[in-house]
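Visitor: got a structure for you, letters missing:
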């Protein structure tokens, strides 16, 4: 899905990763180290919103974070 890749993996500066790009990188790193993808969701009581809500994020002034939906997170995990 080219538009997803083009519009969702990088932040406003087109250099630093967006939350979706960070999630994809995390999945790839986990799979490289452990030889398998992480379980999804990370814990049974955790939703994607609560996962990102607990994460620290770099934001530009006034920038709204475009957090991945659960379907997008599953897609990114599949890509990894």
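Guide: Received the coordinates, thanks. Values in this document were obtained by computation on a predicted structure and should not be read as measured data. Numbers count the residues shown, from 1 in each chain.
Visitor: got any ranges where this protein has weak pLDDT?
Guide: For the chain, the stretches flagged by pLDDT under 70 are 40-65.
Visitor: So which residues of it form strands?
Guide: When assigned using DSSP state E, the chain turns out to have no strands.
Visitor: Count residues in the vicinity of residue 73, would you?
Guide: 21 (other CB atoms under 10 Å). Glycine gets a C-beta too; all of them are placed from N, C-alpha and C.
Visitor: Hmm, residue 38 is touching residue 77, no?
Guide: Yes: proximity of residue 38 to residue 77 meets the contact threshold set by CB atoms under 8 Å, at 7.4 Å.
Visitor: Quickly list what's touching both of those two.
Guide: By CB atoms under 8 Å, 6 or more residues apart in numbering, residue 38 and residue 77 have these common neighbours: residue 27.
Visitor: And those two? Which one has more around it.
Guide: A count of neighbours by other CB under 10 Å puts residue 77 above the other of residue 38 and residue 77, at 19 against 14.
Visitor: what about the residue lying closest to that one once chain neighbours are set aside, how many neighbours?
Guide: Nearest residue to residue 77 in three dimensions, chain neighbours excluded: residue 27, at 5.2 Å (CB to CB, 6 or more residues apart in numbering). Residues near residue 27, counting by other CB under 10 Å, number 19.
Visitor: Surely residue 27 and residue 36 touch.
Guide: No: contact criterion CB under 8 Å: residue 27 and residue 36 do not qualify, at 10.6 Å.
Visitor: What about residue 76, how many residues nearby?
Guide: Residue 76 has 23 neighbouring residues, counting by other CB under 10 Å.
Visitor: how many other residues sit next to the closest residue to it other than its chain neighbours?
Guide: Spatial nearest neighbour of residue 76, chain neighbours left out: residue 24 (4.4 Å); criterion: CB to CB, 6+ apart. Per other CB under 10 Å, the neighbour tally for residue 24 reads 23.
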